[in-house]
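Colleague: have a look; sequence and predicted model below, questions after that.
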Amino acid sequence: MSSVSHHLAIYNFGIHVQSYATAPVQGFALREPFNFEAAARAIGFVGRSGYEGEPGPESWGEHAVPTVLGDLRGCSTVSSLSLWEDIESLSAFSYAGVHADALKHARQWNIKQDWPPLVLFWVPTGDRPTWSQAVERFEGLMRNGPAPAHFSFKNAFSPDGEPYQLDRARVKQLSADNLIGQQDLLAIVKTLPV
């Protein structure tokens, strides 16, 4: 479902088993630039927020973390915030190719979560959600479950608030098309240590 009036935002959040620069999280750190490049090449990718004070894209506001999870001082957290044309484009990127390889190993790098791994929400085309807005949506999903303002792939909504069923045939086609454009990245990622 492509929406001219809205783009789909995704915010995900996790906590590493150790700090970012340590050996147990090395596989994640090595794959991160390849994931960002694969996203940039993916059909339907609109853009992503960078991180304040780090090279790369501009940060969409001050970085925020979910307070509903308690005091996270001293924890090595991982989060991302990006925009996509639609749910199918995001799903095709997330569950195939370079990013799927990272998901396969995520349990080794991140602590077991008792919270949703991500939240999806619609924003008007041309708007960029801030980190704080994304965290609010994430916390809304945690507290209240899926709703038009904060949902998951499993319980998705359209921009007009109606329940939405993923077009799986379109996801499959987009995944195949994306794989063509990331073969070089995938070849490198397959050689990286976990």
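Modeller: Ah, there it is. Values in this document were obtained by computation on a predicted structure and should not be read as measured data.
Colleague: remind me which residues of this structure are low pLDDT?
Modeller: Segments of the chain classed as low confidence (criterion: pLDDT under 70) are 1-3.
Colleague: alpha carbons of the lengthiest helix in the chain, as PDB, please.
Modeller: Using DSSP state H to assign secondary structure, the helix with the most residues in the chain is helix 26-41. Listed in PDB are the C-alpha atoms of helix 26-41, where the atom choice follows Å, rounded to 0.1, in the frame of the first residue of the first chain:
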ATOM      1  CA  GLN A  26      31.500  -6.800  17.400                       C
ATOM      2  CA  GLY A  27      29.300  -8.600  14.800                       C
ATOM      3  CA  PHE A  28      26.600  -5.900  15.200                       C
ATOM      4  CA  ALA A  29      29.100  -3.100  14.900                       C
ATOM      5  CA  LEU A  30      30.700  -4.500  11.800                       C
ATOM      6  CA  ARG A  31      27.300  -5.000  10.100                       C
ATOM      7  CA  GLU A  32      25.800  -1.600  11.000                       C
ATOM      8  CA  PRO A  33      27.200   0.400   8.000                       C
ATOM      9  CA  PHE A  34      26.100  -2.400   5.600                       C
ATOM     10  CA  ASN A  35      22.600  -2.300   7.000                       C
ATOM     11  CA  PHE A  36      22.500   1.500   6.500                       C
ATOM     12  CA  GLU A  37      23.700   1.200   3.000                       C
ATOM     13  CA  ALA A  38      21.300  -1.700   2.200                       C
ATOM     14  CA  ALA A  39      18.400   0.500   3.500                       C
ATOM     15  CA  ALA A  40      19.600   3.500   1.400                       C
ATOM     16  CA  ARG A  41      19.500   1.200  -1.700                       C
END
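Colleague: just checking, what packs against the following helix or strand past it?
Modeller: Later in the chain than helix 26-41, the nearest helix or strand by DSSP states H and E is strand 45-48. For strand 45-48, the contact count by 3 or more C-beta pairs under 8 Å, 6 or more residues apart in numbering; DSSP states H and E identifies helix 26-41, strand 77-84 as packing neighbours. Any C-beta I mention is one placed from the backbone N, CA and C, and that applies to glycine too.
Colleague: where along this structure do the strands fall?
Modeller: Shown for the chain, the strands assigned by DSSP state E span residues 6-15, 45-48, 77-84, 118-124, 156-157, 163-164.
Colleague: tell me which strands the second one pairs with, and in which orientation.
Modeller: Pairing partners of strand 45-48, with direction, according to DSSP bridges: strand 77-84 (antiparallel).
Colleague: now the strand it pairs with: how far from the chain's centre is it?
Modeller: Averaging C-alpha positions (C-alpha atoms, centre = their mean, to the nearest Å) puts strand 77-84 5 Å from its chain's average.
Colleague: with stretch 111-125 instead?
Modeller: Put simply, stretch 111-125 sits 8 Å off its chain's centre (C-alpha atoms, centre = their mean).
Colleague: just stretch 112-126 next, same as before
Modeller: Relative to the chain's own centre, stretch 112-126 is displaced by 8 Å; criterion: C-alpha atoms, centre = their mean.
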